[in-house]
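> sharing a model that was predicted from the sequence below.
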2 protein chains.
Amino acid sequence: MPEETTGEPRWLDADQQVQWRRYIEGASRLSEALARWHDDHLSVSLSEYEVLVRLSESPGHSMRMSRLADGLAYSRSRVTHTVRRLEAKGFVARSEAEGDRRGIECTLTPNGFETLEQEAPIHVEGVRRYMVDALDDAELESLGRAMASIARACREDE
Amino acid sequence: MPEETTGEPRWLDADQQVQWRRYIEGASRLSEALARWHDDHLSVSLSEYEVLVRLSESPGHSMRMSRLADGLAYSRSRVTHTVRRLEAKGFVARSEAEGDRRGIECTLTPNGFETLEQEAPIHVEGVRRYMVDALDDAELESLGRAMASIARACREDE
DNA sequence: GAGAAGTAGTTGAATGTTCAATCAAAGCGT
DNA sequence: ACGCTTTGATTGAACATTCAACTACTTCTC
C-alpha cells in the first residue's frame, strides 16, 4: 500500500504473503503444542530435553557448556540457566573441565540418562503427532531442506 | 536405542531425525533473527506488529480483542498485554464495543497507522532477508503447504 | 425470569529467555 | 614479562508469555 520512491522496497506478492502467514501460524502452533506436550507428559521442557539428548550423544555423556550452546544455537546464558534447572532436577552434574580452568563440563547423571531413555519415546510421539505424521515423506523432506536454507541465511547474517 | 515391548513406540528414522533437527534449528534462528531485526529497525516487536497489521486490514481499523486473539492464535491474556503496550506507545486505542458490554474494541490511531505504513517495508525487508529470499518459489510454496498441515494437526488436537 | 453455564476481558504471579555487566582464565603481540 | 583482547561462564534485572483466578456481562434452559 505505501508508495515510495527511494530505495527498492520489494513488496511481497500475494502468494508470498500467504506462505509467510502459514509459516508464522504453523510455527507458533507447533511450538505451543510441543511445549504443552512436554509439560503434560515429560519431566523436562523441550529445551531441557534437547540438552539431555546432546549430552547422551556425546562421548562420556559429557559436554562443555560452550559446545552445548553452539550445538543447540542457544545463548550462553540460556545454557547456564537451563543446566542449572537440570542440575536441580538431578539429571546433570557440573565439573571443571581439565586443561582449561575457565571451562565447565556438564555430564548426564545415571538418573538423567535413565529418564531420557524412558521419556524419549514420549517425546517422539509428540514430534510425530504434531509434525512428522502430519506430512508425507516428500513434504517432510522439503520442509527440512527449506528450514536448512533459512538457518543458513540467518547464520550468515551474524 | 531403548527397546520396548508395550505400546508401539514408532521411532524416527535417520532421515526424519535430520528433518526434525533442521526444522528446530531453522525455526529458532529465524524467530531470533526477526526479533532482532524488529528490535533494531522498527518501533514495535514482531507480535505487536502483527496486531497492527490485523487492525489495518479490518474495516474501521478496528477489531474486538477476542477476534484479534483468535485470528493471531494468541492467548487472550497475551492480547491484553500486547495491546496495553501498543496503547502506551500511542498506536492503538481501546473503546467499549457496542451491543456487548463485555467487549472491547481495539482501534488503530492515526499515529499507529502512519507508523505501520512507514515501517511495513522494513518489516518486509526482514522477512525477505531471513526467509523469502533464502528460498526459491517452489521451496517457499512447499514450506507454506507443510506449515499449513502442521498447523492443522496442532489445531485438531485442541 | 431466575439460576446455571458460557463468553469477554483483565490481573498478577510464575516462568523462561535475553541482555548487559561482570569475572576469571587464556592467548596474543611486542 | 606485560598489557590487550578474546573466550568461558555466571549473575541479576528486564521483558514477554502463560497460567490460574477473577469480574462482569450474556445466553441458555427450565
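That came through fine. In this text the structure is predicted, and so the values were computed from the model without any measurement.
> alpha carbons only for contacts and neighbour counts from here, please
Noted.
> now A:Leu108, nearest residue through space, not along the chain?
Using C-alpha to C-alpha, 6 or more residues apart in numbering or on different chains and skipping residues adjacent in sequence, the residue nearest A:Leu108 is A:Val92, 4.4 Å away.
> tell me, how many residues neighbour that neighbour?
When neighbours are defined as other C-alpha atoms under 10 Å in any protein chain shown, A:Val92 has 24 of them.
> verify the stated contact: it with A:Glu114.
No: A:Val92 lies out of contact with A:Glu114 (C-alpha atoms under 8 Å); the separation is 11.6 Å.
> A:Glu119 belongs to a helix, doesn't it?
Yes: if the criterion is DSSP: H, G, I helix; E, B strand; the rest coil, then A:Glu119 is within a helix.
> for stretch A:26-34, which residues meet the burial criterion?
The neighbour-count check on stretch A:26-34 (16 or more other C-alpha atoms under 10 Å in any protein chain shown) flags A:26-31, A:33-34 as buried.
> closest to DNA strand C out of the residues you listed?
DNA strand C lies nearest to A:Ser31 out of the buried residues of stretch A:26-34, by C-alpha to the nearest atom of the strand, at 10.8 Å.
> and the closest one, what helix or strand is that in?
helix A:14-41 (DSSP states H and E).
> mind listing the helices for chain A?
Along chain A, counting by DSSP state H, helices occupy A:14-41, A:46-57, A:65-72, A:76-88, A:110-130, A:137-156.
> close to DNA strand C, is the longest one?
It stands for helix A:14-41. No: judged by C-alpha under 7 Å from any atom of the strand, helix A:14-41 stays clear of DNA strand C, getting no closer than 8.9 Å.
> can you get me a residue count around the nearest residue to A:Leu34 once chain neighbours are set aside?
Spatially, and ignoring its direct neighbours in sequence, A:Leu34 is nearest to A:Gly126 (6.5 Å; C-alpha to C-alpha, 6+ apart). Other residues lying near A:Gly126 total 20 when counted by other C-alpha under 10 Å.
> separation between A:Gly126 and A:Arg54?
Per C-alpha to C-alpha, to the nearest Å, A:Gly126 is found 19 Å from A:Arg54.
> please apply the same query to A:Glu114.
According to C-alpha to C-alpha, A:Glu114 and A:Arg54 sit 15 Å apart.
> more crowded one of these two?
Neighbours were counted for A:Glu114 and for A:Arg54 using other C-alpha under 10 Å; A:Arg54 has more, 17 against 14.
> contacting residues around that one?
A:Leu68 (C-alpha atoms under 8 Å, 6 or more residues apart in numbering or on different chains).
> hmm, try it at 10 Å
The contact partners of A:Arg54, by C-alpha atoms under 10 Å, 6 or more residues apart in numbering or on different chains, come to A:61-63, A:67-68, A:71-72, A:108.
> ok, and which of those reach DNA strand D?
The subset of the contacts of A:Arg54 within reach of DNA strand D, counting by C-alpha under 7 Å from any atom of the strand, consists of A:Arg67.
> before we move on, the earlier item: pretty sure the residue nearest to A:Leu34 sits against A:Val132.
Yes: the pair A:Gly126 and A:Val132 passes the contact test of C-alpha atoms under 10 Å, sitting 9.2 Å apart.
> kindly reformat the buried residues of stretch A:26-34 as a markdown table containing pLDDT.
A markdown table is the format used below for the buried residues of stretch A:26-34 (pLDDT from 0 to 100):
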| residue | pLDDT |
| --- | --- |
| A:Gly26 | 96 |
| A:Ala27 | 97 |
| A:Ser28 | 96 |
| A:Arg29 | 96 |
| A:Leu30 | 97 |
| A:Ser31 | 96 |
| A:Ala33 | 95 |
| A:Leu34 | 96 |
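> number of nearby residues for the closest residue in space to A:Val79 that isn't next to it in sequence?
Using C-alpha to C-alpha, 6+ apart and skipping the chain neighbours, the partner closest in space to A:Val79 is A:Ala69 (6.0 Å). By other C-alpha under 10 Å, the residues close to A:Ala69 number 18.
> and the pLDDT for A:Pro9?
We have a pLDDT of 65 for A:Pro9.
> whoops, A:Gly99 was the one
Predicted confidence (pLDDT) for A:Gly99: 88.
> what's the answer for A:Thr6, then?
We have a pLDDT of 55 for A:Thr6.
> which stretches of chain A have low pLDDT?
By pLDDT under 70, the low-scoring segments of chain A are A:1-9, A:158.
> 50 - rerun?
Scanning chain A for pLDDT under 50 picks out A:1-5.
> near DNA strand D, which residues of chain A are found?
Contact residues, chain A versus DNA strand D (C-alpha under 7 Å from any atom of the strand): A:32, A:36, A:64-67, A:76-77, A:79-81, A:97, A:102-105.
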